[in-house]
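Peer 1: Everything below, folded, please.
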Amino acid sequence: MFEKLSDVFTAIEDEEYVILRNYEEFDNLGFLTCHPDIDILCRNREVLVEKLSLESRRKKEDGIHYKLSVAGAKVAVDLRCVGDGYLDTTWEDNILNNRVKRQNYYVMDEENYFYSLLYHVIIQKDTVAEDYVKRLQSMSEEASISYSFENKEDVLNSYMADKGYIYCYPEFLGTIFHMERVDQRLVEKNVVKEWKRKVYALYRSMGKRVKTGVVKNG
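Peer 2: Sure, this is the predicted structure:
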């Protein structure tokens with residue numbers, strides 16, 4: 001549908017959104033190799049879906065996983081929306097309110113980018129890409145933030161506490177959420193959400209065991 005990536009952002013230039021990460025690779029569609037999707041935080045998910053004519057990547061639309069066509073290539077788009085628990089709601093608001101323009105699209109300011117990427121690495125990933133390790137180190141040095149990969153959890157915990165943010169349970173149960181890695185005093189206290197994630201994790205675990213033949217009928 002779009003001849004080039006810049007056309008995508010022209011279509012939503014009047015909307016409140018930010019690219020969450022990896023926009024450094026947009027110039028040559030390099031993200032299709034290193035990080036094959038565009039991660040967006042927005043204020044109004046429905047409007048972006050309509051303006052970009054996004055198609056669901058799942059059989060049943062889940063409000064997150066979409067795709068669009070750019071220069072003949074299918075590009076994955078992950079949409080996050082304020083209040084979805086991907087990050088603390090107050091933090092998501094802060095990110096959108098302090099966004100900055102880069103070329104013809106919006107990104108986070110320096111502080112929010114560093115700490116949200118740190119959050120992504122610690123909370124939302126099972127394994128950490130090497131380029132993220134290098135990028136975090138470089139970003140911390142440029143922003144004069146006292147940081148090392150070895151003490152990354154302490155750095156994030158301190159930031160979350162100072163800002164009054166909490167580690168929220170994501171609304172979408174499939175979103176990775178490693179709360180065991182952080183200060184438990186800062187984790188959202190919600191019995192229902194915690195129970196739902198435990199049930200979901202058990203369901204996924206049983207599904208994997210069935211696929212690998214660990215669980216057999218009879």
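Peer 1: Ile40 and Lys4: what is the separation?
Peer 2: Summarising the geometry, the distance separating Ile40 from Lys4, computed by Cβ to Cβ, to the nearest Å, is 18 Å. Every C-beta, even on glycine, is put in place using the N, C-alpha and C of the backbone.
Peer 1: between these two, who's got more neighbours?
Peer 2: When Ile40 is set against Lys4 and neighbours are counted by other Cβ atoms under 10 Å, the residue ahead is Ile40, at 22 against 10.
Peer 1: Make sure I have this right: that one is in a strand.
Peer 2: Yes: under DSSP: H, G, I helix; E, B strand; the rest coil, Ile40 sits within a strand.
Peer 1: so it bridges to which residues?
Peer 2: In this structure, Ile40 bridges to Ile19, Leu79 when assessed by DSSP bridges.
Peer 1: So it versus Lys74, what's the distance?
Peer 2: Relative to Lys74, Ile40 is positioned 16 Å away (Cβ to Cβ).
Peer 1: can you check Lys51 too?
Peer 2: Remark: distance between Lys51 and Lys74 (Cβ to Cβ) = 18 Å.
Peer 1: Looking at those two, which one has more neighbours?
Peer 2: Taking Lys51 and Lys74 together and counting by other Cβ under 10 Å, Lys51 has the greater number of neighbours (15 against 12).
Peer 1: can you tell me which residues contact that one?
Peer 2: Ala11, Ile12, Glu15 (Cβ atoms under 8 Å, 6 or more residues apart in numbering).
Peer 1: Go again with 7 Å.
Peer 2: Ala11, Ile12 (Cβ atoms under 7 Å, 6 or more residues apart in numbering).
Peer 1: Leaving out sequence neighbours, find the closest residue to Phe26.
Peer 2: Of all residues beyond its chain neighbours, the one nearest Phe26 is Leu5 (5.8 Å), with distances taken as Cβ to Cβ, 6 or more residues apart in numbering.
Peer 1: Tell me, how many residues neighbour that neighbour?
Peer 2: The number of residues packed around Leu5, counting by other Cβ under 10 Å, is 22.
Peer 1: What number of residues are in the vicinity of the closest residue in space to Cys168 that isn't next to it in sequence?
Peer 2: Closest residue to Cys168 in three dimensions, ignoring its sequence neighbours and counting by Cβ to Cβ, 6+ apart: Gly85, at 4.2 Å. As a burial measure, Gly85 scores 20 neighbours (other Cβ under 10 Å).
Peer 1: tell me what whatever helix or strand Glu153 lives in is packed against?
Peer 2: Secondary structure from DSSP states H and E places Glu153 in helix 152-163. Counting contacts by 3 or more Cβ pairs under 7 Å, 6 or more residues apart in numbering; DSSP states H and E, helix 152-163 packs against helix 110-123.
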